[in-house]
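Colleague: how would this look folded up:
(chains A and B)
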Amino acid sequence: MTTTTLAVLVPLLPFLGAVAGLLLGRTAPGFVRPLAVLPTLAAAALAVVVAVRQGGGKAIEAATELTPTGSVPIDLALYIDGFAALVAVLVGVVATCVQIYSTGYLREDPRYPSYAALVSLFTSAMLLVVYSGDLMVLLVGWEIMGICSYFLVGHYWETPEARAASLKAFLVTKLGDVPFLIGLFALATDAGTFRITGVLGAVASGGIDHPTLIALLLLAGVAGKSAQFPLHTWLPDAMAGPTPVSALIHAATMVAAGIYFTARLLPVFAESAAAMTVLAVMAAITMVGSALAALAQDDIKRVLAYSTIGQLGYMAGALAVGDRGSAVFHLLSHAAFKALLFLAAGTVIHAAGTNSLTAMSRMSGLAKRIPDAYWTMTVALLALAAIPPFAGFFSKEAVLVAAEHTALGDRTVAPAGAGWTVLVAGLLTALLTAAYALRLWLRTFHGRGAEAPDHGRQPLAMTSVLWVLAIPSLGFGLTVTYLDDWFDGNALTPTLTTAVLGTGLAAAGAVITYAVWRTLAARTPVGAAAPHVAHPDAEAGLVEAEALRLPHPAEDPADPGRALLGPLHGPAADGFHLDAVYRAAFVRPVLAAASLVRFLDREVVDTYVQAAGNSAKGLGWLVRRAQTGNVQTYLSALLAGSVVLAIVAVALANAAAGA
Amino acid sequence: MHLAYPAVLAALLFAVGVYGVLARRNAILVLMSVELMLNAVNLNLVAFDVWLRDTLHAGQALTLFTIAIAAAEIGIGLAIVLMVHRNRGTADIDRLRDTAERPDSQDSPDDASADETPTGEKAEATA
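Modeller: A predicted model of the protein is given here:
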């Protein structure tokens, strides 16, 4: 088969799997698991083949026009360069891992068939976004992801948190998608085509008339999808979904789509220095703010969610300094270790019977209960904290090197101010990242108190996937020298200055956190055991759904994050009250407007409608009074009427004759 | 014989029939009044047939026709009255008012129709 055929099959297979899964879910439950895993696995294998054939060389292009649209043509187009090939491999691999993990995690869930089908659809939409060479086709995948995330985040829709979170995720991302759509139209109007190659050609020849406006509109959509400040608030709440869904959303799909889209159209953004500066500031605020918030969270998954936002900030920062190679490099390595972190966190929540770090810090020996999760999570956290030689070190260094070069004027794609912003924020975030990674690790696996409950071994489907993902988390960074050719050709290797600075700051953050943790641990007594789920022996998905509803323990004095943040702890734990600000700024006015509309509808418009209805009803009531049920009355009326008519007819006839 | 005699007699008969249909309360008497009205018409038909010296005697033919139909009609009518009487124990027209509009049906038509269903079924059965 040609490479083009294989590439078409990559998004198509999970889509067919999703359709078949939805159709057969009830009638043939035995086929659900194979239908969930096999198409995704095949898509991943095909993506690998496509990547090998593409080989980082010339981009593979193919297009077919289904129907003429009249104005700007819309093509079914493929455009596979090194970025697309590698990101597709990543999406396929992570989605396969998530599907396999879900077979163990949601084994007894009654809604597993629809869940698995939606995950397949999600994967297929992301692969469509990755391979598409036409912006409209890309938008289709983009929006399918939005609706899939709504369904998957709301998987436990019995709980109000999950319902609220799914609505919030949908609305917030849609808030970004509206300007995004307008931006796409504006871009296509200027460029005269929706094809990415055409758009890039128009940019190269200076055919874009309003680069700043278009770039800012597109950035809104990117910020919504990739959870950048100020549209990031949906991501921490999306933790109400099952853990594998979080892994999928945070690692391979959805949030990666925004970064990937910006990387694809980076020349458009680079046309406007203002847009690059806005992106840099957005990335810097996102990085530092999310790292501070991550340090204050108590829910293990929310820590990871804020860390995702921070790492996406790094990628956005790399894009802001015009280096898409390092951005996508960080995207790939982050996807590997973040998927691993979430899947391991799912195992931890199952084993501990709670999602609260405070509750976990009050039980000992959790590491012994789940050694697979312990070791793989350690690897992933080291990668997150960018400790050499783990994957995160190389990719984060690539970002910092690009920022440094821009700041010092060696690269001129973006303004130097953007470079400085990203560099300083990135270094500060490196310190904070190491701190919250170590805090997470210490509080999860090194608690003091009662023995952790024993639920036996975790299913093989869950643990094996962790080790599979641990390999790229550990070794992906070592491929850095080969990756240059796949991307733009910029060197991605770390330089001495940023490596020493970044690693030094990370080490400093880790040492400070450890020292604070030791001091606090020595000073505070062991707290009472925190509440757990009622049915700790149930399967993992049920335990997690139950843990969602647990009350979080009150402030824990032994929390190093609390001591480190000081007065910032309160606001940081609450996401810097951004939700409250949005509530006051947007939700309240909208609700007030809605109640006004309700009043106008009920009291004003409805009055006319009611009056019209009531008058007809009243007339009917009057006429119905005549309905006595006595046949003789009717006949009398009939007779009287006939007589009157006859008299009138005769009188008229006489009058006519007389005249 | 002058036409006035049968014409006046027919008019009187018809008037009596109309009075009976509109005013009598017993269903059988109402049916009898209907017969009176029919016969008044028959009388007119025969009288005018003779007075007009119709060669085809269309009036007499029509009279025979009416008599046959009236016989069938009274048969069915009496059968219906008999069934009503067996079901209700009465053939009083004033008390057969199932199709009347209830005064309370303005506010709650559902209740009114629910109340009416049993009697409505009975009326159907009798018909």
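
Colleague: Up against chain A, what does chain B have?
Modeller: Neighbours of chain A within chain B, by Cβ under 8 Å from any Cβ of the partner chain: B:18, B:21-23, B:30, B:93-94, B:96-101, B:105-106. Placement of C-beta: from N, CA and C, glycine included.

Colleague: By pLDDT, give me the weakest of those residues.
Modeller: In terms of pLDDT, the weakest of the residues of chain B next to chain A is B:Gln106, which scores 49.

Colleague: list the buried ones in the host helix or strand of B:Leu82?
Modeller: Per DSSP states H and E: B:Leu82 is located in helix B:58-88. Neighbour counts over helix B:58-88 (16 or more other Cβ atoms under 10 Å in any protein chain shown) mark B:59, B:63, B:66, B:70, B:77, B:81, B:84 as buried.

Colleague: again with stretch B:3-17
Modeller: With burial defined by 16+ other Cβ under 10 Å, the residues of stretch B:3-17 counted as buried are B:6, B:10, B:13-14, B:17.

Colleague: In helices, which of the residues you listed fall?
Modeller: With DSSP state H as the criterion, helices contain B:6, B:10, B:13-14, B:17 from among the buried residues of stretch B:3-17.

Colleague: Where in chain B is the helix or strand with the lowest mean pLDDT?
Modeller: helix B:109-126 (a mean of 44; mean pLDDT, DSSP states H and E).

Colleague: Within range of chain B, give me the residues from chain A.
Modeller: Taking Cβ under 8 Å from any Cβ as the test, the list of chain A residues beside chain B reads A:621, A:624-632, A:635-636, A:639.

Colleague: could you flag which of the residues you listed are buried?
Modeller: Among the residues of chain A next to chain B, those that count as buried by neighbour count (16+ other Cβ under 10 Å) are A:630-632.

Colleague: Below-threshold pLDDT in the chain: ranges please.
Modeller: Picking chain A for this. In the predicted model, chain A carries pLDDT under 70 at residues A:1, A:56, A:489, A:526-540, A:548-557, A:659.

Colleague: Please refer instead to chain B.
Modeller: B:103-127.

Colleague: Now A:Leu9. Nearest residue, chain neighbours left out?
Modeller: Excluding its sequence neighbours, the residue lying closest to A:Leu9 (Cβ to Cβ, 6 or more residues apart in numbering or on different chains) is A:Leu46, at 5.5 Å.

Colleague: Please tell me how far the helix or strand harbouring that neighbour is from the chain's geometric centre.
Modeller: A:Leu46 is part of helix A:32-54, with elements assigned from DSSP H and E. On the basis of Cα atoms, centre = their mean, to the nearest Å, the separation between the geometric centre of helix A:32-54 and that of its chain is 22 Å.

Colleague: ok, and what's touching that helix?
Modeller: When contacts are taken as Cβ atoms under 8 Å, 6 or more residues apart in numbering or on different chains, the neighbours of helix A:32-54 outside the stretch itself are A:3, A:6-7, A:9-11, A:13-14, A:16-17, A:20-21, A:24-25, A:60, A:80-82, A:85-86, A:88-89, A:91-93, A:95-96, A:99-100, A:102-103, A:112-113, A:116-117, A:119-120, A:123-124, A:127.

Colleague: Okay, and which of the residues you listed map to helices?
Modeller: Taking DSSP H, the ones among these that sit in helices are A:3, A:6-7, A:9-11, A:13-14, A:16-17, A:20-21, A:24, A:82, A:85-86, A:88-89, A:91-93, A:95-96, A:99-100, A:102-103, A:112-113, A:116-117, A:119-120, A:123-124, A:127.

Colleague: got the contact list for A:Val401?
Modeller: A:326, A:491-492, A:494-495, A:498.

Colleague: Kindly report the same for A:Ala84.
Modeller: Shown here is A:Ala84, whose contacts under the criterion Cβ under 8 Å, 6+ apart are A:130-131.

Colleague: Tell me how far it lies from A:Gly417.
Modeller: 31 Å (Cβ to Cβ, to the nearest Å).

Colleague: now swap in A:Ile182 and tell me
Modeller: Shown here: A:Ile182 relative to A:Gly417, a distance of 28 Å by Cβ to Cβ.

Colleague: tell me which element the closest residue to chain B within chain A is part of?
Modeller: When distances are taken as Cβ to the nearest Cβ, chain A approaches chain B most closely through A:Gly629, which lies 2.8 Å from it. Remark: A:Gly629 resides in no helix or strand, with elements defined by DSSP H and E.

Colleague: Contacts only, for it.
Modeller: Taking Cβ under 8 Å, 6+ apart as the contact definition, A:Gly629 lies against B:96-101.

Colleague: so which strand or helix has A:Ala223?
Modeller: Taking DSSP H and E as the criterion, the element that holds A:Ala223 is helix A:211-225.

Colleague: From the chain's centroid, how far away is that helix?
Modeller: How far helix A:211-225 lies from its chain's middle: 17 Å, per Cα atoms, centre = their mean.

Colleague: Quick one: name whatever helix or strand follows it.
Modeller: Reading on from helix A:211-225 to the C-terminus, the next helix or strand found by DSSP H and E is helix A:234-237.

Colleague: on contacts alone, who are the packing partners of that next one?
Modeller: Applying 3 or more Cβ pairs under 8 Å, 6 or more residues apart in numbering or on different chains; DSSP states H and E, one finds that helix A:234-237 makes contact with helix A:160-191, helix A:300-320.

Colleague: Output those as a markdown table; include the columns distance to A:Ala223.
Modeller: What follows is the helices and strands packed on helix A:234-237, written out as a markdown table (distance: least, Cβ to Cβ, whole Å):
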| stretch | distance to A:Ala223 |
| --- | --- |
| helix A:160-191 | 6 |
| helix A:300-320 | 8 |
